[in-house]
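**Student:** return a 3D structure for these sequence lines:
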Amino acid sequence: MTTPSLRQATRDDLRFVHSSWHTSFWNTWAKKHVERSVYSKEMDQYIDTTLPFLTTLVAYFPEVPDEVLGWACIHEGKEALYYCYVKSTYRRMGIGRGLVEGRAKFYTQYTDSHGRKFAQAVGLQFNPFL
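**Tutor:** Numbering: from 1, shown residues only. Below you'll find the predicted structure:
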């Protein structure tokens, strides 16, 4: 495979973005802090209402353009990363960094220690109020 490329998310990509955001945030933070029934309803609504205001970039291999390796949702006007996700097979390959670095100054979601280390590595400050 070659080096991953970046592009704007397509409508088909956004289904994967929604699903992986919902599942990843549950597994990394929310299940320790929120009732599952509340999370399922509220997080779906949050993602659905937030996504239209964000720029969603996806990483992919040019040879397989429909296979999303990872993605990042960024509010460009606020310079804020709302969420970044990379499939486990492709982590630690610089894909997350490539999606985020130079595009945001802040991150908005609570996260576990891995997420905080990533945010620190790409120079982001936590601001949940954006």
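
**Student:** going forward, measure contacts between C-alpha atoms and count neighbours the same way
**Tutor:** Fine.

**Student:** looking at this protein, which helix is longest?
**Tutor:** Assignment by DSSP state H gives helix 11-28 as the longest helix of the chain.

**Student:** list the buried residues of that helix.
**Tutor:** 13, 17-18, 20-22, 24-26 (16 or more other C-alpha atoms under 10 Å).

**Student:** pLDDT of the strand or helix carrying residue 85, averaged?
**Tutor:** Residue 85 is part of strand 80-86, with elements assigned from DSSP states H and E. The pLDDT scores in strand 80-86 average 97.

**Student:** next, the angle helix 11-28 makes with it.
**Tutor:** 90 degrees (axes from the mean of the first three to the mean of the last three C-alpha atoms, to 10 degrees).

**Student:** name the next helix or strand downstream of strand 80-86, please.
**Tutor:** Downstream of strand 80-86, the first helix or strand assigned by DSSP H and E is helix 95-100.

**Student:** distance between the longest helix of the chain and the chain's centre?
**Tutor:** Centre-to-centre, helix 11-28 and its host chain are 8 Å apart (C-alpha atoms, centre = their mean, to the nearest Å).

**Student:** neighbours of the closest residue to residue 75 other than its chain neighbours, how many?
**Tutor:** Excluding the flanking residues, the one nearest residue 75 by C-alpha to C-alpha, 6 or more residues apart in numbering is residue 54, at 4.7 Å. The burial count assigned to residue 54 is 16, neighbours taken as other C-alpha atoms under 10 Å.

**Student:** distance of residue 54 from residue 71?
**Tutor:** 12 Å (C-alpha to C-alpha, to the nearest Å).

**Student:** same question, residue 115
**Tutor:** With distances taken as C-alpha to C-alpha, residue 115 is found 14 Å from residue 71.

**Student:** before we move on, back to that, contacts only, for the residue nearest to residue 75.
**Tutor:** 73-76 (C-alpha atoms under 8 Å, 6 or more residues apart in numbering).
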